[in-house]
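sequence plus predicted model, see below.
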Amino acid sequence: MRYAIIENEHFALESLKKTIAMLRPDYQFVFASESVEDSIAYFNSRPEVDLVFMDIELVDGNCFEIFNEVQVAVPIIFTTAYDEFALQAFKVNSVDYLLKPIHEGDLEKALLKYERNSTAKPMAIDLSRLYDKVAENWQKQRILTISGDSYSYVETNDIAFFASEDKCIFAYRKGGGRRLTEMTSLSEVENIVRRREFFKLSRDIVVHISSIESVRKFFHGRLSVTVKAGEEQRDVVVSTAKRKEFLNWLGGK
């Protein structure tokens, strides 16, 4: 059985190889990659590989970019640092999802599951459901900020809201003050924050749930939402079209 590992952490890769060699000494390791780019090139070469272990976050992007560029018919065992709840929620058609650090018992179960189904045609991975679940629970830990000719950062969990102002994206901190970011749109913001905690209230603002002071009914089915960052306070109108989506998010649906 030939297998490949796509993993951006060298220690995790070596640890996984060692455990596989112990559990399945007849398995043959044939390829390793830490990037989306190299993985795409590998799968485009139509390699003879039977199983792939794949991390979600790679050095130049996430693994979903691989599937967007090339067809991967090989069974996948995902390896990830996301919590158990998220893992259980988005288990769909791949072989399994293993939580880092990967334990020998969990790996053994995943390999047995793969071996039981190896004679059957691999099912397609439901990437849209998988991506949605990962996006709900993943976010970038730090945001790069700019001040004059200097760079710094702010912890994402310290941000009350992001605001689009004068074609720039500012991060307003919960304790007060704002930082200019390198991002150019709120769409970029939405791609790097945890969806269950941040919401795009309008075309100009993406807010963290803990920074919402109040939500009130407004005219014509709209909502008036007050958000706060330190001494900075804003009233934002949520459109009728976004009302249901916002209330569902606010209520944790």
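Structure received. Numbers count the residues shown, from 1 in each chain.

which residues of the chain fall in helices?
10-23, 36-44, 64-69, 84-89, 104-117, 127-137, 186-192, 240-250 (DSSP state H).

by mean pLDDT, show me the worst of those.
The weakest mean pLDDT among the helices of the chain belongs to helix 84-89, with a mean of 42.

my read: Ala4 touches Tyr42, true?
Yes - counting by CB atoms under 8 Å, Tyr42 is a contact partner of Ala4 at 7.3 Å. In this view, the C-beta of every residue, glycine as well, is placed from N, C-alpha and C.

re earlier: out of the helices of the chain, which is the most enclosed?
Among the helices of the chain, the stretch with the highest mean neighbour count (mean count of other CB atoms under 10 Å) is helix 36-44, at a mean of 19.

helices or strands up against that helix?
The helices and strands touching helix 36-44, judged by 3 or more CB pairs under 8 Å, 6 or more residues apart in numbering; DSSP states H and E, are strand 28-33, helix 64-69.

so what secondary structure elements neighbour the last one?
What that stands for is helix 64-69. Helix 64-69 packs on helix 36-44, helix 127-137, going by 3+ CB pairs under 8 Å, 6+ apart.

Met183: how many residues sit nearby?
Neighbourhood size, Met183 [other CB atoms under 10 Å]: 19.

dump the residue contacts of the closest residue to it other than its chain neighbours.
Closest residue in space to Met183, ignoring its immediate chain neighbours: Ile169 at 4.3 Å, by CB to CB, 6 or more residues apart in numbering. Shown in contact with Ile169 (CB atoms under 8 Å, 6 or more residues apart in numbering): 162-163, 180-181, 183-186, 188-189.

just Leu223 next, same as before
215-217, 237-238, 243, 246-247.

quickly list what it is bridged to.
Following DSSP bridges, Leu223 is listed with bridge partners Lys217, Val238.

from Leu13, how far off is it?
Distance from Leu223 to Leu13, counting by CB to CB, to the nearest Å: 48 Å.

got it, and Val236?
The value you get for Val236 to Leu13, if CB to CB is used, is 45 Å.

over to Val59?
From Val59 to Leu13 the distance is 12 Å (CB to CB).

tell me, what's touching the two both at once?
Glu34.
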